[in-house]
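Participant: What follows is a predicted structure for the sequence shown.
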Amino acid sequence: MTQIDINPFDVNLHEWGLISFALIPALINIGIFVYSSLFLAKSATNRTFSVFVLLLALGQIADGFMRISNTEETALVWNRISIALWSFITPAGLLFTLYYARWHKKINPGILNLVLFLPAIACVLFILAQLNVYEIVPSETMNWIANPIPGSGSITVLTWIAANGLIMLLFLWLTYFRKDRTQAQKKQSLALAIGYSFPFAAGFCTEVIMPLAFDLDTFPLVTPMITVFSVAAFVAISKYRLFDYSPKHQWNQIVEKMNEGLLIVDNSERVMYANKSFCDLLEYSLSEIKGKVASELLCANEDATRKVREAKESRKQLISSQYEMQVKTKSGKKIWVLM
């Protein structure tokens with residue numbers, strides 16, 4: 001048996017046109033990934049969006065390497081890498097859409113991840129076993145074209161990718177037509193739906209229908225055009241404040257701007273959190289009081305300690321209360337506060 005060594009980096013780096021065709025969209029997605037990772041709120045929606053655009057960038061880079069490969073064998077290697085990445089790109093995009101539309105709450109997270117990514121892993125195994133067969137043919141414009149050869153492996157993998165893309169498209173438009181959306185949310189949804197519709201339609205026609213139904217060469221439109229969706233999402237982020245506000249994720253900004261002091265303790269009266277106003281009033285930093293028993297640290301006298309204990313017993317019965325008491329600051333000064 002003869003082993004053929006294939007150098008995956010046997011590429012022509014002077015093909016500036018083809019490099020730009022893949023690299024510019026990839027760089028845009030990498031930029032959006034960096035922005036969303038560093039500057040957006042740390043929410044599940046933003047994390048899924050960041051993962052989606054990062055996978056897109058990697059898929060575009062793999063497609064670019066396929067185009068500038070010097071040999072058919074090298075192009076085939078990069079095509080397999082690209083298809084493997086796309087097996088995860090479309091379910092990642094669908095997961096982002098479900099989080100954006102808030103439909104993910106209707107599905108158990110474990111089941112959702114299994115449904116979306118277990119088949120993607122199976123597709124990668126198909127690709128590694130070379131069950132999805134591609135024909136690499138020379139092209140005057142794209143250097144190399146990868147045509148899927150009809151068969152169970154190719155049809156399975158392409159159906160998985162296309163099905164996720166189609167469901168994603170459906171959910172984006174359903175989100176736009178939902179009656180409970182505000183005007184700003186409708187603009188967000190329309191930008192995302194239109195931004196995704198064009199690359200999906202172009203890719204489905206040129207990379208699925210043409211080669212499988214009509215035995216025509218594919219034309220790689222979806223890989224660079226999908227950046228239109230990323231840009232549309234970025235426009236929605238910057239102009240319509242997509243993912244920008246949620247009381248859950250803006251909690252720190254809200255409580256830090258309150259004029260009232262806020263103190264959160266656990267059932268043992270140990271300090272879990274105090275906002276800036278509270279810390280300024282008592283002359284402490286949060287690190288100095290966190291984990292300490294609030295009544296022992298702050299109560300200025302026995303009467304204050306008694307009131308805290310009574311309030312604690314009331315809270316056990318789910319009864320809220322309001323009372324005045326004296327507390328002592330870090331410097332020893334005693335002040336009256338309304339609890």
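Facilitator: On my side now, so go ahead. Note that this is a predicted model, so its numbers are computed, not measured.
Participant: So what touches stretch 327-339?
Facilitator: Residues outside stretch 327-339 that contact it (CB atoms under 8 Å, 6 or more residues apart in numbering): 261, 281-284, 288, 298-300, 304, 307-308, 311, 322-326. The C-beta positions use only the backbone N, C-alpha and C, and glycine is treated the same way.
Participant: can you tell me which of those residues are in helices?
Facilitator: L281, L282, E288, L298, A304, K307, V308, A311 (DSSP state H).
Participant: pLDDT check: weakest of the residues you listed?
Facilitator: Among the ones in helices among the contacts of stretch 327-339, A304 has the lowest pLDDT, at 71.
Participant: wait, isn't it in contact with M325?
Facilitator: Yes - if you go by CB atoms under 8 Å, A304 and M325 touch, sitting 4.1 Å apart.
Participant: which residue sits closest to L18 in space, ignoring its chain neighbours?
Facilitator: R67 (4.4 Å; CB to CB, 6 or more residues apart in numbering).
Participant: Next one, pLDDT for the one you found please.
Facilitator: Predicted confidence (pLDDT) for R67: 87.
Participant: what's the answer for S189, then?
Facilitator: Note for S189: predicted pLDDT of 85.
Participant: mind checking which helix or strand the nearest residue to it once chain neighbours are set aside is in?
Facilitator: Spatial nearest neighbour of S189, chain neighbours left out: Y176 (3.8 Å); criterion: CB to CB, 6+ apart. Under the criterion of DSSP states H and E, Y176 resides in helix 152-177.
Participant: Quick one: mean pLDDT over that helix.
Facilitator: 90.
Participant: Would you mind pulling the contact partners of the following helix or strand past that helix?
Facilitator: As assigned by DSSP H and E, the chain's next helix or strand after helix 152-177 is helix 183-204. The contact list for helix 183-204, computed with CB under 8 Å, 6+ apart, reads 100, 162, 165-166, 168-169, 172-173, 175-176, 178, 181, 221-223, 225-226, 228-233, 235-236, 240-242.
Participant: follow-up on the earlier one: quick one: the residue nearest to L18 and A146 touch, right?
Facilitator: No - the criterion here is CB under 8 Å, and R67 misses it with A146 at 9.8 Å.
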